[in-house]
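Chemist: structure, please.
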Amino acid sequence: MEYTLAPELARDSYHLTDWPLCEVRVMNDRQFPWFLLVPKVADVREAIDLSEDDQLQLLQESRFLCHWLKAEYQPDKLNVAALGNQVPQLHVHHIARFQTDVAWPAPVWGKQPMLPLEESEVARLQSVFADITV
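Modeler: Take a look at the predicted model:
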């Protein structure tokens, strides 16, 4: 079976680049620097469903994205989570959080409506990530 992105993730985020294992996406919400790693493996719901090599690759890509988020945004806290309660396809949220953000200290989802990213910000991120290799 071939990898297909869940429709909810396609609807709510923009593709930035492809890394060896994951599709890198940014959520369409300007209230938070909110990125996703989605392993390009069919029918995977949990990280433990990946092969050991793919689990290590996911960890490496997540670590890289976390370091990039810290350098780019200087957040007060990084939130990294794979919940999948509403979208079962394995995807890992990477969110730079600030004590001044609209949801602090609560989780970001479900607290307020998403505010779409500016097209210029999406283009900037796509350009930045086009030059990143993991």
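
Chemist: now the helix or strand containing residue 124 - C-alpha only, PDB.
Modeler: Element membership for residue 124, per DSSP states H and E: helix 119-130. Taking C-alpha atoms only, helix 119-130 is exported to PDB below (Å, rounded to 0.1, in the frame of the first residue of the first chain):
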ATOM      1  CA  GLU A 119       1.200  33.600   2.000                       C
ATOM      2  CA  SER A 120       4.500  35.300   2.300                       C
ATOM      3  CA  GLU A 121       5.300  33.400   5.500                       C
ATOM      4  CA  VAL A 122       4.400  30.100   3.800                       C
ATOM      5  CA  ALA A 123       6.700  31.000   0.800                       C
ATOM      6  CA  ARG A 124       9.500  32.000   3.200                       C
ATOM      7  CA  LEU A 125       9.300  28.700   5.100                       C
ATOM      8  CA  GLN A 126       9.200  26.700   1.900                       C
ATOM      9  CA  SER A 127      12.300  28.600   0.700                       C
ATOM     10  CA  VAL A 128      14.100  28.000   4.000                       C
ATOM     11  CA  PHE A 129      13.300  24.300   4.100                       C
ATOM     12  CA  ALA A 130      14.200  23.800   0.500                       C
END
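
Chemist: state which helix of the protein is the longest.
Modeler: helix 52-73 (DSSP state H).

Chemist: tell me what it is packed against?
Modeler: Here helix 52-73 touches strand 22-27, strand 34-39, strand 77-81, strand 92-97, going by 3 or more Cβ pairs under 8 Å, 6 or more residues apart in numbering; DSSP states H and E. In short, each C-beta sits where N, CA and C put it, glycine included.
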